[in-house]
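Q: Give me the fold of what follows.
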Amino acid sequence: MTPGICPRRLVNAGKTRVAGIDLSGRIAPTRRLAFDAGATFLNLKSRSLTVPTALLPYLRDAKVPFNLVAKTTLTGGARWTLPLPDRIGEGVISVDYYHSSKVRSSDNVLPAYDLFNARFDLKGIAGTNIDAAIFARNLFNKSYLSSSNVGSAALGVFSSFYGAPRIVGAEVRYLFGS
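A: All right, here's what the predicted structure looks like:
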């Protein structure tokens, strides 16, 4: 082994089958109000695994891992265009929801989590080409694990990354032209 060089081995280790369904829809009971929903459901199967014997101690199970793949994700949202006079602008309130089921990352399992976001837009303020918005992402400041590094119980190393905390911000935009 050469000093300062970390040996790596990339192996095409097996066969898998991924099946699922992705759904999305919108219901707009009025011109000003809309509800969105979506879902993804995956069925992940490892059909075979062929790895060198030296690597087997580093695997929790003798099957192909589906790292950082949620079997279920759900989304929902609502958008309401406020009945404001044109001299004020077009006001829109939006909220959305995201759910991810637990995900595996090597031997580590990141728990399921739910996030909510909200936004208020005012477009064409006072008949101008100026739009403004305020928003909050991760509205309830949920602490959640969103990803991880490769780790293994055999190595005694696990690490994960937290998702972004609540972010509150504002945007201003000017539209050039007509």
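
Q: Spell out, range by range, the strands that occur in this structure.
A: When assigned using DSSP state E, the strands of the chain occupy the ranges 14-27, 33-49, 72-81, 90-100, 103-105, 108-110, 113-123, 130-137, 145-148, 160-162, 167-174.

Q: can you redo those strands as TSV with mean pLDDT and mean neighbour count?
A: Just so you know, the C-beta spots here come from the backbone N, C-alpha and C atoms, and that holds for glycine as well. Compiled in TSV, the strands of the chain are given as follows (pLDDT from 0 to 100; neighbours: other Cβ atoms under 10 Å):
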stretch	mean pLDDT	mean neighbour count
strand 14-27	93	11
strand 33-49	93	14
strand 72-81	98	16
strand 90-100	98	16
strand 103-105	87	20
strand 108-110	87	18
strand 113-123	98	17
strand 130-137	98	16
strand 145-148	88	16
strand 160-162	90	12
strand 167-174	97	10
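
Q: right, so of these, which gets closest to K63?
A: Between K63 and the strands of the chain, the shortest gap by Cβ to Cβ is with strand 33-49, which sits at 3.5 Å.

Q: which secondary structure elements does the closest one contact?
A: strand 14-27, strand 72-81 (3 or more Cβ pairs under 8 Å, 6 or more residues apart in numbering; DSSP states H and E).

Q: What strands line up against the longest one, and which way round?
A: Think strand 14-27. Based on DSSP bridges, the pairing partners of strand 14-27 within the sheet are strand 33-49 (antiparallel).

Q: Output the helices and strands packed on strand 33-49 as JSON lines; include the columns distance to K123.
A: Converted to JSON lines, the helices and strands packed on strand 33-49 look like this (distance: least, Cβ to Cβ, whole Å):
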{"stretch": "strand 14-27", "distance to K123": "20"}
{"stretch": "strand 72-81", "distance to K123": "10"}
